[in-house]
Structures are given as C-alpha cells and as structure tokens.
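>>> Here's my sequence, what's the structure:
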Amino acid sequence: MSGVALLTLLFLAGAEPGWQQPDAPAGFLREPVDCPKAAPAFPLDTGRIDHEEFDINVRLFPSRYYLEGVTRIAFSSRVAGLDRAQFVLYNDTLVVCSVTSGAETLDFAYDPGSLTLTIQLAETLDQGQQDTVTVVYHGYITPALANSLNNYCRLDVTMGFSILPYVWYPSPYDYYYGTRRDDRFMSRTTLTVPSGWRAVGIGGLADSSGTDSTRTYVWQTEWPAKNACFSAGPFLLAARRLNGLMVRYYDFDTTAAGAVFQAAGSMLRYYDRMFGPCLIEKLAYAENGQQYGAAAASLIMMPLPYQLSGMAHETAHQWWGHAVQLRHTLEVWLNEGFASYCEALYQEDTLGVYVRWAELDTMARRYRNVPRAQDRPIVPAPTGSNYHFTIVYNKGAWVLHMLRWVLGDSTFFQALGEYSQQGRDSSVTVAGFATVAEQVSGTELDWFFDEWLYHIGYPKYHLDWSATPAGDSVRVVLGVSQVNGSGAPYLFRTPLPVKLNIPGPDTTLVVRPAANPQVDTFTVAGYPTGLAIDPDDWVLDSSYVTHAGVVEPSGPGVRPSVFEATVVRGTLPLPWGASTSSSPSWLLDATGRKVMELRYGDNDVRGLVPGVYFVTEDGSRVQRVEGSRVQKVVLTR
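Now for the predicted structure:
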C-alpha cells in the first residue's frame, strides 16, 4: 500500500457497569444479572448514563496527521441526581476546546491517569431526564501515538485502523470493562475528507457534497448501534445488490470486486439460512491496508481481496457481535469464538468437510502449542495474554464444534437459530446461550461449558483394547484413561467416538467418560483389526491407542463401565494380588515393553515418564490370556 493514503478508525463498544436488567418483554432473551468479575481498566462511572444519540462531525487533514471534531451527545440519566457526565478521551492527542449545552458553557476537567473527561452539567437530572452536550476538540494522530497503539491508529500514507474509540472522539464507555451493559445509540457521522477521497461509516449514506478541495459524506444509522466508526481514503467504489442488501466495495483497485461480491453473496445467503436474517440494510467492505480485519455494524474493514476464512469471519460478525450484541467483554467468546467457527462452517458448506477438517486442524495445532503455564480459560477472556487470540478464537471455535457433536447437527443449528432470534433485542451472556442450548436440546449442559470455557487444557486420552469371541459375536473391551496435565480437569466428560475397523461396514462406538480410568464393553458383529479415536475430528484432544490386554471387570458389585486401576505417584507398592514369592513381577509400558522389574514392597518409579503402565507376574506381553494376572496403573508426577 506504499504511497496510498488511508484512514480507518474503529470503535468497538461494550456494556456498562452499575445497571440492573429490567423485566424482559415476552419472547426476549432473559439474562442473569450476575456477570464475570474483573477490575476495570479505568474507574469510569458510565453506568449512570443512557446514551441515545451521537452526532459526530470530523474533518481530516491526512498530510498533517491532524483532525478537527465537533461531537454532540444526547443522553438521559439512569439515576436520580445526576450532575456530571463522564467520557473516555485520549487527551495526549486530542485537546478539548469547549463544552456547551445549548447556549451555556459548561465546566469540564480531564484526568490523564484514567483518560476521563468529566463534564459538569448545567442542571442536575432526575432519572429519565434528558440532556445534550457538544464537545469541540482537535488533535494530531502522531507517529509516536500510532506506535504506542501497536500501529492501530494512523493518519498518514500507511494508515491502519483503531480499536480505541477515544482517539478520535469522546467515547461513552471504556472497551476494557468486564462488567457492564451494552448501550446502543443512533449515530450520525459527518466526514469531510480531501477531494478525491471517499468516506464510509456505519448505517446508510444520507448525503454527499463537495467543493474543489474537499468532499463531505454523511452516514446515519437506521437502528441503534453499539459503535460509531468510519473508513476513508482515495478509494474506488464498486456496488452490487446481494441477498437483498446493497453491498459496496471500497478499494484502491477494484479489479477483484467480482470475486469479493461472489464470496460475500454466498456468505450472506448461508448465514441467513443458518441463523436467520441479519438486521443490516446495507453492507460495506473497505480495504484497511492491514493483515487483519475488523467489523462494525454494516462496515467491514479488512485486507481485500482476502483469504476466504477471514472474510467469512468478519461477515459473520454482522450476526455474532452486532445483531446479537455482547454484554460482558470478558465473555467475548460469544463474538469471536462464534465468528471463528463460522469460518469452518462456511467452508464446510461451500468446499466440503475436508476443508473444514483442515481449518479446524490448524486452529487445534495453534492451541496445543500454547505453553501450559500460559494457558488460560476462555471465560473470563485472557485480555492480557499473548495467547488471547489462540484461546478465545481458535479454541473457542472448537468449543462450538464439540457442542455440535454433543447435540447433533439438527439440534445444534436449531439452538443457534433460536439464540440468534431471542438475543436481538437484548445483550447476551454465556449463561443465556447455555440456557437456550439446554431448552432446545432438553439436555443439561453445565458440565460441558464448565470443562471447556472455565478451565484450561484438553483431554489427553490413552485407549487400549481387547477383543474375544462371544458366541456369534465379538466382545470388545475398551479401556480409556485421561492424563490431562496440570490445571486441566481430571476428567473431561465430552463423549468420545471410537471407530472399529471390522470387515464390512465400519462400526463407530461412543464412549461416555464418567470415571478416569474407565472400561466399557461392547458387542459387535465381527473381529476388529484396529481402531481409531475420534476419526472425524469432533473432539479437541490428543490420543494414542495400544492393543493391550484390558481385563473386563467381573464379580459381584462390579460395574462393567468402571476400570479398577490404581493411580501411583512416586512409589509403586506390591502386592495387588501379585505373588509374594521370590519370582519377580514386571512393569510394562503401554506397548508391552518391560521397563522395570518389581519386587514385593515399595518400588521407586519417580524416574519413569508419567502415563499408563501394566503390572504382570510372569513378564509376558500384555495380552488377554486366560489365567494371566494383569493390573493397570497410572503413574503421575
């Protein structure tokens, strides 16, 4: 993009603290008032105000790294006795010239520690009373500021986009709050740019006019939105009506417009079919000169043309993030995990299941490479982690994929459609989504969301098996253990598919973990020549299989589904029914290889690698031999 001027400033909004939800109208999604606990980044008191309208008028001077702005903010009080209003503003670059209400000039103060602009109101407001303030300001978007914001905010020939709203206008709340309510408002953005530039904002184009040196665009929302953002530059423009929407494509070279429109139309049709119609009436794609994208309501800013998965992700945010809006930032999985899984869903629908496998396999590899000491739960979102993207986006997509496996395709997509429709006139939470999934499926799912959203890690399975004749059938005994590592749940309960290779049609069994270790017995029509764990990639796991002598439990009071193994740490004591004679017992690894001779009493096993082992009396390989005495042990650190 060398030598090309571009500006894209983005505001991603969130909810506000200090608000209690009123009774929801019939048919709306009810949400619990409790929410994730987190300290706010800035001590703002924005929960006292309900923002109703933002009218932003900005003139850009790219060659000088400079902008001038006037923002009119209409709001009402949520409390009795409101005498001040607070906003976030990056005063290092933006200087407030004046604040007025009607003809009256208001006092204001700025706290650089919290980046808080506090405005003293002309009159104290009772609950529900309205007021309007107008803020006049100007400032430079300097290279130093751009670098301090990781190059997310620029006003020069290498411009990118900003996720920090207070860089270019007073923001109604701080994006980093974890406990807050969405606050949506009508937005009107007037953008004056150099002649030859185009500017696009959220909503619809209400007006456009120009002089010899400037061009002014007015963009106005048709429904309340949670953000106000724009993109501007020396764009060429292409437009086409797709799936009932006017879709615009802004780029410095629009030769790829046909490919972009083809992909966008396909995505819009697919998401409409799966999740219900979107709320927007127009959609714009704008080149942002970066390696990544960002989506606001009706405006997507990303490198164009782009890889299919990135475009699918950003387009999906028109449903997950804007039509269905997040309440708590620490539950941003509801935006990013959903949009990330839509990448895989769309590619599965258009390119086939093998492409979906490849997409999810890439996400799984990224997450498995996260060092265990730096792994974090998906909720609350690890906002300060270097692995935030991998955990929330990549693992987050897998959580939805596994929920699809647990519920089945029909129920899963029915739940997403119901959640999408119910969540459109309220701000959503993980608890609300879980409630919808449970209601649609008739299944209790606390265990699923607990192990995958609120804990770290993934299951690491060891499966061994044996097969013996049982009349005209074959009895298959599967022993499954999990060694999931520190910090992860001791037992992941997600059902595990196991495919048996049997002459004729293959047989897929489902193991439902209830203990660790565990044995399950199945009767099948033929003798398996082998088996594979999760061959269709439904579970985020790592695993290995051995053909070992798994003993089927028997006797009074023994449940066949529970494997009676012993977990050992440091010292392995004998006997467990092993002989007390002078003949040795042996410890074998999962492949049947002798690793240690055992004697009666305590045996030091601290030097062995943690995992699954077997104790035998005669040192033979671990097979299901009549009369052989085999005991399974799990060595841990």
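>>> For the host helix or strand of residue 259, which outside residues touch it?
Assigned by DSSP states H and E, residue 259 falls within helix 257-275. For helix 257-275, the surrounding residues in contact (CB atoms under 8 Å, 6 or more residues apart in numbering) are 238, 240, 242-243, 245, 247, 249, 251, 278, 283, 285, 304-305, 308, 311-312, 315-316, 318-319, 342, 345-346, 349-350, 413, 416-417, 420. Heads up, the C-betas are built off the backbone N, CA and C, glycines and all.
>>> What subset of those is buried?
238, 240, 242-243, 245, 247, 249, 251, 278, 283, 285, 304-305, 308, 311-312, 315-316, 318-319, 342, 345-346, 349, 413, 416-417, 420 (16 or more other CB atoms under 10 Å).
>>> how about the strands of the stretch 451-600 of the chain, start to end?
460-470, 473-482, 496-501, 507-511, 518-524, 530-533, 542-546, 566-569, 571-574, 585-588, 594-598 (DSSP state E, counting those that start in this stretch).
>>> I should have written the stretch 301-450 of the chain there, sorry.
With DSSP E, counting those that start in this stretch as the criterion, the stretch 301-450 of the chain has strands spanning 325-326, 427-428.
>>> Compile those into a markdown table and extend it with columns for distance to residue 511.
A markdown table is the format used below for those (distance: least, CB to CB, whole Å):
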| stretch | distance to residue 511 |
| --- | --- |
| strand 325-326 | 35 |
| strand 427-428 | 33 |
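>>> Including mean pLDDT and mean neighbour count, could these go into JSON lines?
JSON lines is the format used below for those (pLDDT from 0 to 100; neighbours: other CB atoms under 10 Å):
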{"stretch": "strand 325-326", "mean pLDDT": "85", "mean neighbour count": "26"}
{"stretch": "strand 427-428", "mean pLDDT": "84", "mean neighbour count": "24"}
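>>> What is the burial count for the closest residue to residue 406 other than its chain neighbours?
Once flanking residues are discounted, residue 406 sits nearest to residue 448: 6.1 Å by CB to CB, 6 or more residues apart in numbering. Residue 448 has 21 neighbouring residues, counting by other CB atoms under 10 Å.
>>> most centrally placed residue in the chain?
In the chain, the residue lying closest to the centroid (CA atoms, centre = their mean) is residue 337, at 2.5 Å.
>>> for that one, what are its contacts?
Residue 337 touches 378, 392-393, 395-397, 399-400, counting by CB under 8 Å, 6+ apart.
>>> Mind putting those into JSON lines with neighbour count, pLDDT and distance to residue 443?
Below are those laid out as JSON lines (neighbours: other CB atoms under 10 Å; pLDDT from 0 to 100; distance: CB to CB, whole Å):
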{"residue": "378", "neighbour count": "26", "pLDDT": "97", "distance to residue 443": "21"}
{"residue": "392", "neighbour count": "25", "pLDDT": "97", "distance to residue 443": "25"}
{"residue": "393", "neighbour count": "23", "pLDDT": "97", "distance to residue 443": "26"}
{"residue": "395", "neighbour count": "29", "pLDDT": "98", "distance to residue 443": "22"}
{"residue": "396", "neighbour count": "29", "pLDDT": "98", "distance to residue 443": "21"}
{"residue": "397", "neighbour count": "28", "pLDDT": "98", "distance to residue 443": "21"}
{"residue": "399", "neighbour count": "21", "pLDDT": "98", "distance to residue 443": "16"}
{"residue": "400", "neighbour count": "20", "pLDDT": "98", "distance to residue 443": "16"}
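>>> If anything else comes up later, I'll come back, but that's it for now.
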